[in-house]
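A.B. asks: Build me a model:
(one chain, ligands or ions: 2)
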Amino acid sequence: MKIHEYQAKELFRAAGIPVPMGHVVTVAEQAAAAFDQLGGALAVVKAQIHAGGRGKGGGVKLVKSAEEAAEAARGMLGQPLITPQTGPAGQIVKQVLVEAGTAIDRELYVGITLDRSLGCPVLMASTEGGMDIEEVAATAPEKILKEPIDPEAGLRGYQSRRLVYALGFPKASRKAAAELLQKLSRFSLEMDTSLVEINPLVIDTEGGVIALDAKVNFDDNGLFRHPDVVALRDIDEEDPRETQAEEAGLSYIALDGNIGCMVNGAGLAMGTMDTIQLAGGSPANFLDVGGGATSEQVKAAFKIILSDENVAAILVNIFGGIMKCDVIAEGIIEAAREVEIGVPLVVRLEGTNVERGRELLENSGIDLITASDLADAAAKAVEAAGVAKV
Ligand code: GDP
Ligand code: MN
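C.D. replies: Ligands and ions are numbered 1, 2, ... in the order given. All right, here's what the predicted structure looks like:
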């Protein structure tokens, strides 16, 4: 689960991590009042959407008066903000954060994520803050320093000192920087985050160390321990298809390919996606209908897949274990009656009640391409999607 920057900063503040003073507002006039309340000569108006890269898209504006603050807020509120992370339609801005301006001396990067090969969280830090960290990772990976975090002990004192020296913090800022790294690692462990990112972490002209941006994602499997975090959820920012799937009891993740996948079981779904890639195609989604899906769920799954306009073909890959092939077949038939499928449909069924399932499909009169095994199904789906695109 993701949250907004202003929410992440409130959590940071509570954890003792320094952030600028700020007020979140929903109408432009409030932005002017917020500017006055902050009492400084400089403030920053920041669009609150879940995507990053806002600076590049015009969602971060430095302002020098209450009028300028209102004007900047007016330009953002109610408008879509397009950033490198939002997709072409952008995301509607409903709130802006008006924050006291910081006089920046240096911008750094700090993040904590899971390192799957090490099997523990890892703290990453770089002197190349404020810019695309993915680009730094691709072009100058040696500029990203890493320290593994022991999930029990947290980041050790020597590790934070090593980072602080390696990042070249001036003497007067070292203690504050080391403390911030300690607090951030504790925060990440206690809050069950999947990602924490401060980009930029800045040293201001007085040597203060401040989190100027804040991104926090939570591990959904840990949310039951944090009802206060669940309360911060903003459904408007989420992919509606993923929310619909969640309501229907399906696991769905939107991807950017053109072959819609409907599979039972997460492992088989992953295998199906890999096989599509191997056959030269690209999956439009991950979708696991689960071990015991009903025909209602299969119908819901079809609707969700078809609401993605990139989908040029659908691959149904079912191995009937607990799931029965005839139930899937019924779901496909009902879905085809209710929603116009309109794209080639490749079906591979195997397992429990497969004969009955195939018979139902054959007699239904639905236009479909049957496949003998997974490789065959993937090849046929890739071909069908290619043909459909033309
Ligand atoms: P993002 O583009 O969504 O990552 O938004 P950020 O919060 O990281 O802001 C983008 C950039 O705006 C930062 O890297 C800074 O260079 C600049 N910026 C943000 N707040 C301030 C501020 O208080 N003072 C100054 N001088 N620049 C700021
Ligand atoms: Mn940023």
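
A.B. asks: What residues sit buried inside stretch 169-176?
C.D. replies: Using 16 or more other CB atoms under 10 Å as the test for burial, stretch 169-176 gives 169, 173-174, 176. Quick note: C-beta positions are derived from backbone N, CA and C, even for glycine.

A.B. asks: got the end-to-end distance for it?
C.D. replies: Using CA to CA, to the nearest Å, one end of stretch 169-176 lies 10 Å from the other.

A.B. asks: Check stretch 208-227 too.
C.D. replies: So stretch 208-227: terminal residues 33 Å apart, CA to CA.

A.B. asks: Is ligand 2 within reach of it?
C.D. replies: Yes. Applying CB under 5 Å from the ion, one finds stretch 208-227 in contact with ligand 2 at Asp213.

A.B. asks: Is the closest residue to ligand 1 within the stretch 201-350 of the chain in a helix, a strand, or coil?
C.D. replies: Here the residue of the stretch 201-350 of the chain nearest ligand 1 is Asp213; by CB to the nearest ligand atom that distance is 3.4 Å. Counting by DSSP: H, G, I helix; E, B strand; the rest coil, the backbone at Asp213 sits in coil.

A.B. asks: Enumerate the residues of the stretch 51-200 of the chain near ligand 2.
C.D. replies: Counting by CB under 5 Å from the ion, the residues of the stretch 51-200 of the chain near ligand 2 are Asn199.

A.B. asks: May I see the buried residues of stretch 84-96?
C.D. replies: So for stretch 84-96, counting by 16+ other CB under 10 Å, buried means 86, 90-91, 93-96.

A.B. asks: what sits up against it?
C.D. replies: Here stretch 84-96 makes contact (CB atoms under 8 Å, 6 or more residues apart in numbering) with 4, 6, 24-26, 31, 45-53, 56-57, 59, 72-73, 76-83, 236-237.

A.B. asks: repeat that for 7 Å
C.D. replies: Stretch 84-96 is contacted from outside by 24-26, 31, 45-49, 51-53, 56, 73, 76-82, 237, using CB atoms under 7 Å, 6 or more residues apart in numbering.

A.B. asks: So what's the residue count around Asn363?
C.D. replies: Asn363: 10 surrounding residues under other CB atoms under 10 Å.

A.B. asks: Could you measure from it over to Ser188?
C.D. replies: Separation of Asn363 from Ser188 (CB to CB, to the nearest Å) stands at 56 Å.

A.B. asks: quick one on the thing from earlier: tell me the one among the buried residues of stretch 84-96 nearest to ligand 1.
C.D. replies: When these are compared against ligand 1 (criterion: CB to the nearest ligand atom), the nearest one is Thr86, at 10.6 Å.

A.B. asks: helix/strand/coil for the closest one?
C.D. replies: coil.

A.B. asks: re earlier: cross the buried residues of stretch 84-96 against strands and list the overlap.
C.D. replies: Counting by DSSP state E, the buried residues of stretch 84-96 place 91, 96 in strands.

A.B. asks: Adding pLDDT and distance to Leu315 as columns, could you present the buried residues of stretch 84-96 in JSON lines?
C.D. replies: Listed next are the buried residues of stretch 84-96 as JSON lines, based on pLDDT from 0 to 100; distance: CB to CB, whole Å:
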{"residue": "Thr86", "pLDDT": "89", "distance to Leu315": "28"}
{"residue": "Gly90", "pLDDT": "93", "distance to Leu315": "31"}
{"residue": "Gln91", "pLDDT": "94", "distance to Leu315": "30"}
{"residue": "Val93", "pLDDT": "97", "distance to Leu315": "37"}
{"residue": "Lys94", "pLDDT": "97", "distance to Leu315": "37"}
{"residue": "Gln95", "pLDDT": "98", "distance to Leu315": "40"}
{"residue": "Val96", "pLDDT": "98", "distance to Leu315": "43"}
